[in-house]
Every structure is written in C-alpha cells, then in structure tokens.
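Asks: need a 3D model of the sequence below.
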Amino acid sequence: MQIESLKVFCDLAETESFTKAAQINEVTQSAVSQQISSLERLFKSLLIERSKKKFRLTREGQVLYDYSKQVIATYEALHSKLQEIKDIISGTIRIATIYSIGLHDLPPYLKKFLKAYPTVNVHVEYRRANQVYEDVMGNVVDLGLVAYPTRDSKLEVFPLRRDPLVLVCHPLHPFAKHKSIKLKALSGQKFIGFEPDIPTRKALDKILKENSVEVEHVMEFDNIETVKRAVEIDAGVAIVPQGTVVQEVLKQTLAQVSLDDGEFYRPLAAIYKKNKVLSPAMKQFLSIVKDEKTA
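Replies: Residues are numbered from 1 along each chain as shown. Here you go, the predicted structure:
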C-alpha cells in the first residue's frame, strides 16, 4: 500500500467525485477506481457504497478516511520539514482565484515568485468566488484568492491587503469633471453592478444602503472586465476596486472619481483548508503576495 493510494481515497471522499479526484492527482478516472478497488482488497472491506444517486462511505470507509488523513498529514509534514532542512523550494502550487485578483493583483507577485523559485510549478484557475471556496474545501487547489473573505471554521484566512474602491464613469460623463463626489450624488444614477451573489456586490449594496442611496441597476455582470466595458460605452457608472482600472484610467477610456464620504476598501485574502500542511513553496508564495512593495 502506498501513501498515494490513501491520498486518492481521501480526495475522493472529500470531493465525492471520481472526476475531481482524478484531476487533483493528475491520473485517469480508471486509475482512481483501480486504487480504490486495491484498497478494498487489501482491507477486505467495502469502502464506498456505489450508487448512481448518492456517494457515501461505508462505516469501514469512514474509519479508513479518518486514519488516512492523519497518515497523509504526518507524511506531508515530514516532507515539508525535510525540504526546509535542505532549503529546497520546489513542487507544485495549485491556486484558484477570482477573476479580478487573477487578472490585476496576482501577475506582479507571480512574476516575482517564479523568478525567485523557477523550479516551482504554479497552476492558476480563474473561478467565481463560490467555486474558489468549493475548490479549497474539496482539496482541488492548495490556495484560494478571494475578496471579502468569508469566515469558516474549516478554513484559514490569510489577509493580504485592502484595495480602495472608486467610482468610474465615461470621460464625458458629468462626474468626470470632479476629483471626488459624495455617495448621495449617485442617487437615481444608472449603475453597472456585479451579480447579486458576488461578494463585492453584497458589500457595495451595504455601503449604498447605509448611506441611503438608491441607484438604478441597468446591467449586472459576473466579472470586472465586463463591468468596465459597459461603463466605457457610457451605459452607466460603477464602483470598482481601484487596482482593476489603472490601465483604463491611463488610456483615458474611463474616468476615476474618489468617494468623499469616507474610505471604502475591498479586503483581499488567501484562504486554505484548516490543518493543511503548507509546503515551503506555499509559505514563500504567501510571503510574496503579502508584500505591499511588489505591487
């Protein structure tokens, strides 16, 4: 029996998907099935109730899962410690990130990290916020990069930085003549927003409500790039993280206006599963993305 087989079994138990377990371990679904069958023969026990309707571990399967997690955690801690002793930074880091962080915040940090540690292989997946959490919880990825991190007893939250929120509008919009405006000025304005389930939208709704501002949502999108394109054609105004509109403001396809009523920020964070053993490569990556000087 190998550690790899136990890890495949744990990944299958956590994702409840042969497809995802195969993806995580970079093997075929057939290989996952074969390793599970091999474990069942070894322990002379049925580990999974095979049903098309519901995935469920048997009692023996649950016991094997509980103990296997301890074995894997010990093995990963041992591997990590030996790497630290040898001062080796290598391996693979799997990251899931929301689009805005992946496109605008991550690149300079990733460039710095890969230059410092060229032997580390970094896989980056662009996902919606809820999918980032699912991937982290399901062990599909090692780290998640999100905005407005949700507290969860099964997750560790590693705060990164706060990105100021600004108003953006078409360069010929009346707001573009001002360096700053009060939120009240947005009352009745045509507003380009994010879809209701996106954390940044929820935060903006709260800000507007607390300041008794009602806007007219004319368009809603699931990513920052489409929001910006809608503002560029003067379909409405939007409140977005400042770091996502640097290029458009420089090219003067968008005008940026500060908000007078206070300092509004979008907090960014890395998340990973609680009790996860962080490899030396992951620790170095988190150290670099935390560094304010890199951006």
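
Asks: okay, CA-based contacts and neighbour counts for the rest of this
Replies: OK.

Asks: avg pLDDT for stretch 127-135?
Replies: Stretch 127-135 shows a mean pLDDT of 93.

Asks: if you go through this structure in chain order, where are the helices?
Replies: Ranges of helices within the chain are 3-15, 18-25, 29-43, 59-86, 99-100, 106-116, 129-137, 199-210, 224-232, 246-251, 280-290, based on DSSP state H.

Asks: can you give me the end-to-end span of stretch 209-218?
Replies: End-to-end distance of stretch 209-218 (Cα to Cα, to the nearest Å): 18 Å.

Asks: meant to ask about stretch 236-243, not that
Replies: Distance between the two ends of stretch 236-243: 20 Å, counting by Cα to Cα.

Asks: touching it from outside, list them.
Replies: Stretch 236-243 has contacts (Cα atoms under 8 Å, 6 or more residues apart in numbering) with 104-105, 163-170, 189-193, 204, 218, 224, 227, 230-231, 265-266.

Asks: so which of the helices of the chain gets nearest I181?
Replies: helix 199-210 (13.8 Å; Cα to Cα).

Asks: list the buried residues for that closest one?
Replies: By 16 or more other Cα atoms under 10 Å, the buried positions in helix 199-210 come out as 199-201, 204-205, 208.

Asks: packing partners of it?
Replies: Packed against helix 199-210 by the contact rule (3 or more Cα pairs under 8 Å, 6 or more residues apart in numbering; DSSP states H and E) you find strand 190-194.

Asks: would you put the C-alpha positions of the strand it packs on in PDB?
Replies: Extracted C-alpha coordinates of strand 190-194, given in PDB (Å, rounded to 0.1, in the frame of the first residue of the first chain):
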ATOM      1  CA  LYS A 190     -27.800  54.300 -14.000                       C
ATOM      2  CA  PHE A 191     -25.500  51.800 -12.300                       C
ATOM      3  CA  ILE A 192     -23.400  48.900 -13.700                       C
ATOM      4  CA  GLY A 193     -23.000  46.300 -11.000                       C
ATOM      5  CA  PHE A 194     -21.900  42.800 -10.200                       C
END
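
Asks: who touches it?
Replies: By Cα under 8 Å, 6+ apart, the list of residues contacting strand 190-194 from outside reads 200-201, 215-224, 227, 230-231, 235-239.
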